[in-house]
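> Curious how this folds, go ahead:
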Amino acid sequence: MSSATALATPSSLDVERLRADFPILAQEVHGHPLVYLDNAASAQKPRQVIEAIAHFDASDYSNIHRGVHALSQRATAAFEAARDRVRDFLHASHSKEIIFTRGTTESINLVAQTYGRAALNLGDEIVVSAMEHHSNIVPWQMVCRERGAVLRVIPMSDAGELDLAAYEQLLGLHTKLVSVVHVSNALGTINPVREMIRLAHARGIPVLLDGAQAVPHVAVDVQDLDCDFYAFSSHKLFGPSGVGVLYGKAALLDSMPPYQGGGEMIASVTFEKTFYKGLPGKFEAGTPNITGVVGLGAAIEYVNAIGLEAIGAWEHELLAYATARVGEIPQVRIVGTARDKASVLSFLIDDIHPHDIGTILDREGIAVRAGHHCAQPVMQRFGIPATTRASFAFYNTRAEVDALIAGIHRVIEVFA
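Below is the predicted model of the structure:
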């Protein structure tokens, strides 16, 4: 059990003790203590995950599923234990509904190239939202272009909230799938996905949720939500990069053709015909990122020991504090003011380019993200080229928010 156990209650976290689990945070950058506020791009790994990865590689590593020797059997057991952990984390009904991929992007591409290709015909429609990451736009554009289908977009308000009335109007006889972000990476908006799924299912339309920004901050129960697909990435969840998850309802996954061909995903092969494995093997061709999957399992164990309820409560408090402090600065405009948000604060400072803001903040030891955040349609919606984005995790503190505020004032001073 992780040492994070018993450090949390539903209303509080011992943040300083948790920070000690993250070696990378105990350093200086340009002579200042590191303030890491780029968690929406990639979160840091606790030593429990680092040690789990090192132990596996040093003691148990082997290729999986194909060996009768002890190392292969131990590696297979660790890999499949991680799958079971993901199943429990998402509250899926069965481990075969958990497909390992390289990340959220590949998970969405998998659905686009299998379900999308099979379901879409000339004039059919895929519905996405105006706040999607490029990885939930481009794969659908590709398959729509190939199949003669159309991408329809749910509009959003100036606050960064989706227009549910407009969404309901978009759902029609030609709608084959809704694919929408659970939490916006550019705005922090938590979308009302339960209601959106209900409205789609009332018309027999399946729903995919991009959960990359959701799973580190909110508890997800795919059976309770009743989503048909759910995708997320390990590296947002304090695990290693290069690993992702696609959850899919078994009946849908069974109906979909394989995404890639190769080893592991076959039952038998001749030069005349190939028979594929059942779930999940059908979608896991080739040797996977075995060590990365084990690391993801360790990351989930770590997060579970703290508790997502406690994590969400602290991050909500931190975001509220940061929003209030930033809102006191006349030169700053916050982009994304939805009523329900998670962990992201995007902003502009007068007419200073976000890259310049990010550069000056870096000299103060503060790591933020500056740019369009792979969400250019969001920037176009607000008539801006980019934003500066501070994104929080449970290991961030009020003192780090204060450092950000001081850094913003330093930016304003430099450009005065």
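> how close does the residue lying closest to residue 335 once chain neighbours are set aside sit to residue 28?
Take residue 335 and drop its neighbours on the chain: the residue closest to it by CB to CB, 6 or more residues apart in numbering is residue 346, 4.5 Å away. Using the backbone N, CA and C atoms, a C-beta is placed for each residue, glycine as well. Relative to residue 28, residue 346 is positioned 27 Å away (CB to CB, to the nearest Å).
> Over to residue 69?
Counting by CB to CB - residue 69 and residue 28 are separated by 47 Å.
> How many residues are close by residue 262?
By other CB atoms under 10 Å, the residues close to residue 262 number 11.
> State the distance from the closest residue to residue 398 other than its chain neighbours to residue 412.
Leaving aside its chain neighbours, residue 398 sits nearest to residue 321 (5.9 Å; criterion: CB to CB, 6+ apart). Counting by CB to CB, the gap from residue 321 to residue 412 is 20 Å.
> ok, now residue 50?
For residue 50 relative to residue 412 (CB to CB), the value is 38 Å.
> How about the secondary structure of residue 45?
Three-state call for residue 45 (DSSP: H, G, I helix; E, B strand; the rest coil): coil.
> In contact with it, which residues are there?
22, 24, 238, 239, 240, 295, 299 (CB atoms under 8 Å, 6 or more residues apart in numbering).
> correct me, but the fourth one touches residue 292?
Yes. Under the contact definition of CB atoms under 8 Å, residue 239 touches residue 292, with a separation of 7.4 Å.
> out of these two, which sits in the more crowded spot?
For residue 239 versus residue 292, neighbours defined as other CB under 10 Å are more numerous around residue 239 (28 against 21).
> For that one, which residues are in contact?
45, 49, 292, 295, 296, 298, 299, 300.
> Let me know the pLDDT of it.
Looking at residue 239, its pLDDT reads 98.
> pLDDT at the residue most central in space within the chain, what is it?
Residue closest to the average C-alpha location in the chain (CA atoms, centre = their mean): residue 212, at 1.0 Å. Looking at residue 212, its pLDDT is 98.
> Could you list which residues are in contact with the closest residue to it other than its chain neighbours?
Excluding the flanking residues, the one nearest residue 212 by CB to CB, 6+ apart is residue 104, at 4.3 Å. Residue 104 makes contact with 135, 210, 211, 212, 231, 232, 233, 244, according to CB under 8 Å, 6+ apart.
> could you dump those to JSON lines with distance to residue 122 and secondary structure?
Formatted as JSON lines, the contacts of residue 104 follow (distance: CB to CB, whole Å; DSSP: H, G, I helix; E, B strand; the rest coil):
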{"residue": "135", "distance to residue 122": "25", "secondary structure": "helix"}
{"residue": "210", "distance to residue 122": "26", "secondary structure": "strand"}
{"residue": "211", "distance to residue 122": "31", "secondary structure": "coil"}
{"residue": "212", "distance to residue 122": "32", "secondary structure": "coil"}
{"residue": "231", "distance to residue 122": "27", "secondary structure": "strand"}
{"residue": "232", "distance to residue 122": "33", "secondary structure": "strand"}
{"residue": "233", "distance to residue 122": "33", "secondary structure": "strand"}
{"residue": "244", "distance to residue 122": "31", "secondary structure": "strand"}
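> which among those residues gets closest to residue 260?
Residue 260 has its nearest neighbour among the contacts of residue 104 in residue 244, at 14.5 Å by CB to CB.
> isn't that closest one right up against residue 102?
Yes. Under the criterion of CB under 8 Å, residue 244 makes contact with residue 102 at 5.8 Å.
> more neighbours, those two?
residue 244 (26 against 18).
> Next up, the contacts around the closest residue to the more buried one other than its chain neighbours.
The shortest distance from residue 244 to any non-neighbouring residue, by CB to CB, 6+ apart, is to residue 103 (3.7 Å). If you count contacts by CB under 8 Å, 6+ apart, residue 103 has them with 233, 234, 235, 241, 242, 243, 244.
> residue contacts, the first one?
The reference is to residue 233. Contacts of residue 233 (CB under 8 Å, 6+ apart): 103, 104, 212, 241, 243, 244, 245.
> Check which helices and strands the helix or strand hosting residue 251 sits against.
Per DSSP states H and E, residue 251 falls inside helix 250-255. The helices and strands touching helix 250-255, judged by 3 or more CB pairs under 8 Å, 6 or more residues apart in numbering; DSSP states H and E, number zero.
> could you give the mean pLDDT of it?
Mean predicted lDDT for helix 250-255 stands at 97.
> who has more neighbours, residue 346 and residue 28?
Ranked by neighbour count (other CB under 10 Å), residue 346 and residue 28 place residue 346 first, with 30 against 9.
> any idea which element that one lies in?
Short version, using DSSP H and E: residue 346 is in strand 344-349.
> distance between that strand and the chain's centre?
Mean-position distance between strand 344-349 and its chain equals 20 Å (CA atoms, centre = their mean, to the nearest Å).
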